[in-house]
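In: quick one: sequence and predicted model below, then my questions.
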Amino acid sequence: MVSLAVRAPLVVSRKSAVQDRRTHAIAVSRNTFAGNRASLVSLPVTSYATRTSIRVFAAKKDDFEVPEVVTETLDKVSAAWDKTSDKPAVVSLGVFALVGLVALAGVLKAVESLPIIPDVLELIGIAYSLWFTYRYLLFKPDREDLKKELTKLKDSILG
């Protein structure tokens, strides 16, 4: 009986200190392979448990400040929430909006799986981007018109 020694590396760590790498020999008879090297993968190997300890510390930082934009936005949102008289309707509207976004993501995933549609939509997007750049961004008077239209749209939405 001819035996074959296979060496497997083992790394043992305790309390964040890694010990030396050790190898363990496994004696297997040559008949186990039966001329097939792929059966080496299916050899029974004793598993060794390793334990790793990682310590994580949070650094204390005294000068942490919330940006002013965040506090202003939160103040506006809380003021708008306080003004709302029909809070359940607003919450249900938010839930329906979230469900609608999930449904829209599903529809987009289905459209993306079709063979030629994504390429056509990409070409349409590129063409529209080029047209928008030429129409509104290339020349200064057109940029001013775009700014006026955006301001008018913002005023109509916010009141």
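Out: On my side now, so go ahead. These numbers were taken from a predicted model, which means no experiment stands behind them.

In: CA only for contacts and neighbour counts going forward, please
Out: Noted.

In: can you show me the strands along this protein?
Out: 3-10, 13-14, 17-18, 22-29 (DSSP state E).

In: and the longest helix seen in the chain, what does it pack against?
Out: Longest among the helix segments of the chain by residue count, using DSSP state H, is helix 87-112. On a contact count with 3 or more CA pairs under 8 Å, 6 or more residues apart in numbering; DSSP states H and E, helix 87-112 meets helix 117-132.

In: contacts for the helix it packs on next, please.
Out: V111, E112 (CA atoms under 8 Å, 6 or more residues apart in numbering).

In: for it, the averaged confidence score.
Out: Regarding helix 117-132, the rounded mean pLDDT is 95.

In: low-confidence regions, this protein specifically.
Out: Low-confidence regions of the chain, defined by pLDDT under 70, span residues 1-50, 57-63.

In: again, only using 80
Out: 1-64, 159 (pLDDT under 80).

In: tell me how many other residues crowd E144.
Out: 13 (other CA atoms under 10 Å).

In: and it, how far is that from T151?
Out: From E144 over to T151 the distance is 10 Å, taken as CA to CA, to the nearest Å.

In: quick one: L74 from V56, how far?
Out: 32 Å.
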